[in-house]
Each structure stands twice: as C-alpha cells, then as structure tokens.
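Asks: Sequence and predicted model, in that order:
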Amino acid sequence: MVPDKLDNETRHFLENVFLESHESGYPNILTGFLSGSYAEGLATTKSDYDLYAVVDDQEHAFSSKEIFVPSKKGLIEITYISNSYLSHITEVMHQGFSVISELGFYDLLLLHRIVSSINIFNNELNQKLSLFVDRNKLAQYLVDWFSVKAAKSLTNMMGNLEAGDIDTAINNIDMARCFALDAYLAIHGNTSFIPKWRLSNAKIFLGENDILLLRFKELAALPFAFSFEMQLRYLTDACRFIQLIFDFKIASELKWKMVEISKIRLWGIDEFHPPHEALIKNPRARILQRENNYYLFDSAARMELSLPAVYIWLTINNQRGVREVIECLINGKEPFDASEEFIDGCIRRFISIGVVSLWCTGLQK
C-alpha cells in the first residue's frame, strides 16, 4: 500500500460505492482498495477512480471482471479479482521470471495495483494482501520481463534491416528503447509500466535531470521522416541507449560497480571524443543471459562468455583503452580473478568478431 492521501469526503464516498455494490448482490468483498492515478499522485481533473475488490470465488468461478456502479459522480467502475486467480499470479511472480510461465500485461498490472493501493474496505485484510505481494520481487520480475521484450524487439529490428525494411526497423527499435527504459526504472524500484505514465515515473525514480532520461526524450523527439542516413544514425543511437541499460542490468545483478551511465555511452564518440586510445563497443552488441549462461550477441549469438569475460565486457566503457581496462580489473576494488593475458586475449577476441573496435585519434582500427 501507499500512504493514504484521501480526504474524508472522498473516502466516505468510495466506501459507499463498495457497500452499494455489495448490497446489489455481487460477490462477497474480502477487501477493496483504490489504485491508479489517484493512489499514485498522478491524477488530473479528468482522471476517474480505479477501484478494485478481491472476492471469494467459491461460488463465482472467474479470474476478474468489471462492473459499473451508479453514484453521485456518475458510473464508477469496480474491477473484481478472484482470490484464487490473485493467489496464482502472485505465486508465479514470486517464483521469478520464466518464458514458459510468463505473466501477461494484465496480470502484472493487477499486481502493481495492489502494491500501489490505498485501502478502502477491510483494512486488515488489505494490509495482509499488500505484504503477500512483495513489491521488490515484482520489480525484479518486471526487470526480466521488460528486458526480454526489449531483446525480442531488438532482434526483430535487425531482421528488418537485413530485409531492407527500414520503417519497420525503426518501429521495433522504438519499442525496444521504451521497454529498455521500463526495465531500467524497474531496477530502481518502479512497478508501474503504463506507457502514459512512463515519463512521470521516470522523473520520480530518476530525477528530471538524469542524463539517461534526457537522452531517452531526445531520441523520442527525433522525427522519422528524415534521410536514410539519418534513419540509420537513429537506429545506432537507440541501440547504444539499449546496450547501456542491458550492461547496467547485468552489472546490477552481479553487483559489479564498473558500469557508469555516461554521456559517451549514450551519445557516442561523434559527440564526445575519448581523450586518447579507447575501446569502443559496437552499439548493436549486447549480453543476454539464458539460465545461468551468458552470451554475446549482435545480429546473432557470437560467443558464450565466462563470468570473467562478462566482467571484461562490462568494464569496457567507450573511454578506457586496453591498458586501462586491464588495470581497472587487476587493481580495482571489485574482486576479479583472471590474468592480464586472459584479459588481453578476451579483448582481442571481442575485436576479432566485431563487437569492439579500437579508436585512436579519430580512427578505428
């Protein structure tokens, strides 16, 4: 639940809505709550009340349904959620993300509605419900859920390019960029993912002047009716944005603190030149995790990565040269168990398969 921001008049009005629904012969309400824009402090003058009720479904076999209840403020919609359905999706969420038993958009929306709710009816049970749906586990589930969505859209974009369909490629990279930001917000604890509130939530969780958010808005503002060369540049810039978020996600899970949200990672060397020789990542390359294994992809899987190789990839930040990457890994504060020869060999391998290049005085080797 979130802090109660309702005035007494509004609370009394919403309590009556639930009571009138109950008296109309609808299922017994175990608990009722307000969620949505009013509960999250995002309401406008045109916002309506998002009311939810958890009901005992022993006599009513359903997952969820909506009804409209007459009131002095017009028709109020109440979404009834079956307690067995809620128990099921909560159990799946607590087990962690899996493509085999993946929760859908509506399932995750209901779980978010619970963790961001204000109690209206039966406070004691609603408190237990809010504790039962673990907000941190929901956020972690969303990190994985959105990352998979972003990766799929990115793969589709590369297929579109191979087929010469630039317009669909732009549409897919734009979806991937939005999914990637949603994953980044979930890393920071956000569980709301309704597109119309994306930027509002980003300002709350990141701050208005966060450079990743600024870059997201800058990319979103680019027109699509530009030249073919500019369209390809947009795809590259969006890929670089997504790559950084993928790196940040892996680093967060490994508790590796060598991934910085920097301007050169977001805008590239055309805007921010490294002061000296630097290793530059191919914007389309990224690490994907499958079970407990890590793989380096661009348009296809390029190589499987050992854990030390993952750390080497994460330490390459488009600013450090070969020697600096080696020194950061060998002499840094983060625990790292590999020789200089291994690091150098791994970097050479990255360069040979085209996922990293060596930049020097404006040239790439």
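Replies: In hand now; what should we look at?

Asks: Output the below-cut-off pLDDT ranges for the stretch 251-365 of the chain.
Replies: For the stretch 251-365 of the chain, the stretches flagged by pLDDT under 70 are 275, 333-334, 361-365.

Asks: all strands for it, in order.
Replies: According to DSSP state E, counting those that start in this stretch, the stretch 251-365 of the chain carries its strands in the segments 278-281, 286-290, 293-297, 301-305, 356-360, 363-364.

Asks: a markdown table for the ones you listed, including distance to residue 316 and mean neighbour count?
Replies: Every C-beta, even on glycine, is put in place using the N, C-alpha and C of the backbone. A markdown table is the format used below for the strands of the stretch 251-365 of the chain (distance: least, CB to CB, whole Å; neighbours: other CB atoms under 10 Å):
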| stretch | distance to residue 316 | mean neighbour count |
| --- | --- | --- |
| strand 278-281 | 5 | 21 |
| strand 286-290 | 11 | 18 |
| strand 293-297 | 12 | 17 |
| strand 301-305 | 13 | 15 |
| strand 356-360 | 6 | 17 |
| strand 363-364 | 14 | 9 |
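
Asks: can you list those strands in TSV and add distance to residue 237?
Replies: Formatted as TSV, the strands of the stretch 251-365 of the chain follow (distance: least, CB to CB, whole Å):
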stretch	distance to residue 237
strand 278-281	13
strand 286-290	15
strand 293-297	19
strand 301-305	22
strand 356-360	17
strand 363-364	17
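
Asks: and residue 175, which of those is closest to it?
Replies: strand 286-290 (15.7 Å; CB to CB).

Asks: which helices and strands does that closest one pack with?
Replies: In terms of contacts (3 or more CB pairs under 8 Å, 6 or more residues apart in numbering; DSSP states H and E), strand 286-290 is packed against helix 135-162, helix 228-254, strand 293-297.

Asks: Just the CA trace of that strand, in CSV.
Replies: What follows is strand 286-290, C-alpha atoms only, in CSV (Å, rounded to 0.1, in the frame of the first residue of the first chain):
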residue,chain,number,x,y,z
ARG,A,286,24.8,-6.9,-26.0
ILE,A,287,24.9,-9.6,-23.4
LEU,A,288,21.9,-11.9,-22.9
GLN,A,289,21.6,-14.4,-20.1
ARG,A,290,20.0,-17.8,-20.7
